[in-house]
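> after the sequence you'll find the predicted model.
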Amino acid sequence: MTTSGSGSGTATGTATDTHCPYCALQCGMRLRPGAGAEPAEVLERPDFPVNRGALCGKGRTAAAVLRPGVRLTEPLVREDRGDRDSPLRPASWDEALDRVAAGLTRARRRHGDDAVGVFGGGGLTNEKAYLLGKFARVALRTPHIDYNGRFCMSSAAAAHRRAFGIDRGLPFPLADIAGTDCVILVGANPAETMPPALRYFRELRENGGRLIVVDPRRTRTAEQADLHLQPLPGSDLALALGLLHLLIADGRADKDFIARRTTGFAQARAAAMAHWPQRVERLTGVPMPQLAAAAAMFGEAPRGMVLTARGPEQQSKGTDTVSAWINLCLAAGKAGRPGSGYGCLTGQGNGQGGREHGQKADQLPGYRSITDPAARRHVASVWGVDPGALPGPGRSAYELLDSLGTDGGVRALLLMGSNPAVSAPRAAHVSERLRALDLLAVGDVVLSETARLADVVLPVTQWAEETGTTTNLEGRVILRRKAVDAPPGVRSDLAVLHGLAARLGVPEGFPEDPEEVFEELRRASAGGQADYAGISYGRIRAEDGVFWPCPAPDHPGTPRLFLDRFATPDGRARFAAVTHRPAAEEPDGPDGAYPLYLTTGRVVGQYQSGAQTRRVDELNRSAPGPFVEVHPVLARRLGVADGEPLAVTSRRGRAVAPARVTDTIRPDTVFMPFHWGGDGRANSLTNPALDPVSRMPEFKVCAVRVEPAAGERGKGGGGREAAERTGLTEPTQPVQRTESAARSASEERTGRRTAAAGRTASGPAAVPGRAS
Ligand SMILES: Nc1nc2c(c(=O)[nH]1)N[C@H]1C(S)=C(S)[C@@H](COP(=O)(O)OP(=O)(O)OC[C@H]3O[C@@H](n4cnc5c(=O)[nH]c(N)nc54)[C@H](O)[C@@H]3O)O[C@H]1N2
Ligand SMILES: Nc1nc2c(c(=O)[nH]1)N[C@H]1C(S)=C(S)[C@@H](COP(=O)(O)OP(=O)(O)OC[C@H]3O[C@@H](n4cnc5c(=O)[nH]c(N)nc54)[C@H](O)[C@@H]3O)O[C@H]1N2
Ligand code: SF4
Ligand SMILES: [Mo]
């Protein structure tokens with residue numbers, strides 16, 4: 001069946017098996033090149049096991065972003081070198097790469113190696129992520145490389161390592177979900193974020209299993225649940241502790257499992273005992289009978305899973321929160337055995353592999369630590385450099401962005417695969433920092449909001465135009481095959497790194513051929529936690545993907561982890577003694593300046609910062625712009641009707657978008673998707689308070705006030721304007737200026753952050769508040 005969303009017409013040419021460019025499900029699809037100027041056509045690929053042919057609207061229409069006129073086809077540089085306000089103009093590759101290399105070299109000469117930095121993305125293939133990390137450490141010799149995965153699953157990764165000694169999002173194939181008895185899905189909305197995966201939850205329930213969803217909103221996912229707990233944003237830590245309390249009090253802890261396969265239960269038990277049901281009801285707003293029902297449902301199930309996504313993770317206590325959910329699994333004996341376990345639903349296309357091969361500030365390939373002498377020796381030997389020459393750990397993503405253009409900070413930045421001007425917390429400030437750089441070079445497929453701020457824009461090939469591996473949310477390494485030719489004038493990210501390294505005096509060690517890079521990655525990862533040594537392009541083709549660790553060519557790969565032992569030194573999983581704490585910023589009471597919670601997230605029709613999907617007409621029709629979800633009770637109090645513009649103000653800025661009145665959200669909370677720039681940019685509001693372990697910002701909780709904004713339109717900037725398609729005539733970034741002005745004004749007015757502990761949750765309706 002044809003599922004093309006990118007236009008009709010008779011497509012010809014051989015269809016190639018490949019994978020979707022977007023989320024971590026990495027759905028299999030077939031792509032057939034169009035005849036002549038016809039667009040390529042997306043076809044089903046029913047034999048790929050994860051999605052079995054199903055695709056969401058984003059995958060179906062992905063070919064639309066391959067078209068010239070939508071994507072970039074030539075390098076761009078500023079008319080006046082060094083003047084970011086002069087227009088971007090087309091340039092040759094030599095001129096563009098020379099400018100980038102000169103800017104990087106100048107910054108190093110003036111301010112030292114630490115004054116250059118690299119920012120990557122979890123959508124980049126393993127080959128790109130690997131070579132980007134090597135580029136930073138070997139060609140630039142800077143410690144400062146981090147990536148947008150820090151904003152994604154880093155809290156779950158940290159908790160995973162703390163408990164199990166290894167971080168693989170799902171320790172079992174997705175299909176195992178259908179065969180368990182009870183799943184608690186915490187802050188995950190796969191109905192919008194991974195629609196083809198819903199099949200497994202449906203099958204779970206058809207098989208008699210139960211689904212519990214924890215989300216402050218009654219999402220399309222929550223609507224399918226047997227039980228929906230609707231807690232206050234940021235209260236999942238208390239909720240998990242409360243469920244553990246009840247599980248233990250009801251005598252449902254698995255004493256045998258705890259004794260044989262875990263350590264640290266006594267301390268975790270003591271912490272949970274301090275979270276009795278009445279207190280947890282007060283902290284979370286979830287009524288006690290629902291707490292009891294959830295604890296019983298999970299405790300009674302013979303097998304069970306807890307799966308988290310960004311809801312509980314994108315908090316300034318995300319790591320402890322995930323640890324609390326893992327504690328619940330361990331106490332219930334639901335880990336390390338078939339059909340049971342904790343898992344994180346990783347988000348980006350290569351969200352798993354992108355965190356394994358060295359684009360993270362503290363990490364070397366194979367999920368090795370950059371501070372481990374043995375790891376440094378191994379990787380240095382593969383790279384042919386002295387271990388002493390490898391830099392140490394660098395700054396985490398937000399801290400790196402926050403340092404841009406400052407004394408002691410990064411002065412020249414190479415950015416590939418992210419659009420932080422829209423997606424970073426406190427985005428107006430981040431945009432200012434990007435503007436303060438001496439050099440910003442952006443490699444992208446489209447002229448994103450961040451690319452518009454750059455001195456040099458490098459147009460790169462995309463998914464279907466190049467071959468490379470990604471590692472899906474299950475830890476399955478797959479091959480995204482080239483299916484169509486890139487337009488002339490476009491080069492791959494690998495070719496960009498090759499060209500820059502040569503200009504920086506490192507002509508060897510940066511191959512342009514992805515398979516050659518993968519062969520080196522295999523050696524660099526060998527013996528590490530994420531061991532790819534036994535995986536080859538040939539094997540992936542033959543086997544529909546190979547699960548890591550796979551240490552040797554004759555090793556079958558590892559679909560299920562932990563069945564015999566956990567990856568800790570003593571083989572036992574570790575409980576963590578964590579206790580409730582409030583969000584970094586809580587609402588300040590019904591009469592306060594910021595009485596409501598804001599939480600943020602996604603809609604099915606747009607992907608991330610929207611850089612790609614806002615360029616697809618069909619998707620814009622389904623998700624045309626930003627909005628603010630408000631409960632009817634709150635809407636009435638504000639005197640606003642559905643569709644009318646609302647201004648949302650936090651201590652960091654203001655955003656305007658139409659109200660979407662719905663009783664699916666808590667009355668004390670508003671929700672905005674973050675897919676748009678401009679006036680409706682949710683990240684003008686969000687709080688960059690960081691988790692102390694993972695350095696994850698608190699995207700999911702901050703305090704706001706909401707007012708009618710009659711007369712203001714409230715729309716997403718950077719949408720589908722014609723100017724953005726060609727890109728050359730737009731003023732460089734009027735949006736950021738206006739918003740940063742608004743931000744400064746509002747920061748001046750309020751000038752502070754709350755200490756936050758012990759306040760009553762404010763809200764227009766009688767909902768239970770949070771106390772300490
Ligand atoms: N359509 C679409 N799909 C995507 C993406 C996309 O941008 N668009 N992005 C991909 C990526 S990179 C990611 S990371 C995943 C993310 O996938 P998800 O985590 O499923 O997506 P989100 O919408 O960010 O958050 C999930 C839910 O968390 C809830 N939530 C908010 N605050 C809290 C809280 O304090 N506690 C709890 N328990 N829940 C809370 C929100 O209401 C939301 O329904 O999606 C991937 N798939
Ligand atoms: N308020 C709020 N903010 C959030 C979140 C939230 O839930 N709420 N979620 C956070 C999460 S989980 C994530 S993952 C981030 C994501 O946010 P971003 O990092 O901004 O992610 P994308 O929009 O996917 O940006 C990827 C960019 O790389 C480009 N690109 C695509 N493929 C390639 C390639 O092969 N090479 C190169 N060089 N470029 C390419 C795309 O065109 C796009 O411009 O947002 C975070 N921000
Ligand atoms: S669910 Fe994810 S991988 Fe599958 S088609 Fe949609 S965006 Fe692509
Ligand atoms: Mo993500």
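Yes, it's here. Numbers count the residues shown, from 1 in each chain. Ligands and ions are numbered 1, 2, ... in the order given.
> correct me, but residue 397 touches residue 144?
No - contact status for residue 397 versus residue 144: not in contact, 10.6 Å apart, counting by Cβ atoms under 8 Å. Bear in mind the C-beta positions are built from the backbone N, C-alpha and C, glycine included.
> so how far is residue 265 from the nearest residue to residue 506 once chain neighbours are set aside?
Nearest residue to residue 506, sequence neighbours excluded (Cβ to Cβ, 6 or more residues apart in numbering): residue 139, at 4.6 Å. Distance from residue 139 to residue 265, counting by Cβ to Cβ, to the nearest Å: 48 Å.
> looking at these two, which has the bigger crowd around it?
Counted by other Cβ atoms under 10 Å, residue 139 and residue 265 do not tie: residue 139 has more neighbours, with 23 against 20.
> re the thing from before, now do the SS call for the residue nearest to residue 506.
The three-state label given to residue 139 by DSSP: H, G, I helix; E, B strand; the rest coil is helix.
> quick check: it touching residue 503?
No - Residue 139 is beyond contact range of residue 503, at 9.3 Å (criterion: Cβ under 8 Å).
> show me how far whichever helix or strand residue 239 is part of is from its chain's centre.
According to DSSP states H and E, residue 239 maps onto helix 236-249. Relative to the chain's own centre, helix 236-249 is displaced by 27 Å; criterion: Cα atoms, centre = their mean, to the nearest Å.
> again with stretch 451-461
For stretch 451-461, the distance to the chain centre is 22 Å (Cα atoms, centre = their mean).
> any part of it near ligand 2?
Yes - using Cβ under 6 Å from any ligand atom, stretch 451-461 comes into contact with ligand 2 via residue 460.
> mean confidence (pLDDT) on that stretch, please.
Stretch 451-461 shows a mean pLDDT of 98.
> with stretch 500-518 instead?
pLDDT averaged over stretch 500-518 gives 98.
> roughly how far is that stretch from the heart of the chain?
28 Å.
> is any part of that stretch close to ligand 2?
No - contact of stretch 500-518 with ligand 2 (Cβ under 6 Å from any ligand atom) is absent, the minimum separation being 11.4 Å.
> buried ones in that stretch?
Residues of stretch 500-518 classed as buried by neighbour count (16 or more other Cβ atoms under 10 Å): 500, 501, 503, 504, 506, 509, 510, 511, 512, 514, 517, 518.
> tell me the one of those nearest residue 367?
Taking Cβ to Cβ as the measure, residue 367 lies nearest residue 518 of the buried residues of stretch 500-518, at 16.4 Å.
> Three-state assignment for that closest one, please.
helix.
> report the contact partners of the single nearest residue of the stretch 501-650 of the chain relative to ligand 4.
Of all residues in the stretch 501-650 of the chain, the one sitting closest to ligand 4 is residue 608 (7.1 Å; Cβ to the ion). Applying Cβ atoms under 8 Å, 6 or more residues apart in numbering to residue 608 gives the contacts 348, 419, 423, 675.
> any idea how far it lies from residue 170?
Distance from residue 608 to residue 170, by Cβ to Cβ: 21 Å.
> enumerate the residues of the stretch 351-500 of the chain near ligand 2.
Near ligand 2, when you scan the stretch 351-500 of the chain using Cβ under 6 Å from any ligand atom, you find 416-420, 422-423, 443-446, 448, 460, 462, 493.
> for the chain, same thing?
Counting by Cβ under 6 Å from any ligand atom, the chain sits next to ligand 2 at 121-124, 148, 151-152, 310, 314, 347-348, 416-420, 422-423, 443-446, 448, 460, 462, 493, 600-601, 608-609, 611-612, 674, 682-683, 686, 699.
> of all the contacts of residue 608, which two lie farthest apart?
It's 348 and 675 that sit farthest apart of the contacts of residue 608, by Cβ to Cβ, at 14.3 Å.
> thinking again about what came up before, output the buried residues of stretch 500-518 as TSV; include the columns secondary structure and distance to residue 251.
Formatted as TSV, the buried residues of stretch 500-518 follow (DSSP: H, G, I helix; E, B strand; the rest coil; distance: Cβ to Cβ, whole Å):
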residue	secondary structure	distance to residue 251
500	helix	62
501	helix	62
503	helix	68
504	coil	64
506	coil	63
509	coil	60
510	coil	60
511	coil	60
512	coil	62
514	helix	55
517	helix	55
518	helix	52
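> ranges for the helices of the stretch 251-400 of the chain?
255-261, 265-273, 277-284, 288-300, 310-313, 318-331, 373-383, 397-403 (DSSP state H, counting those that start in this stretch).
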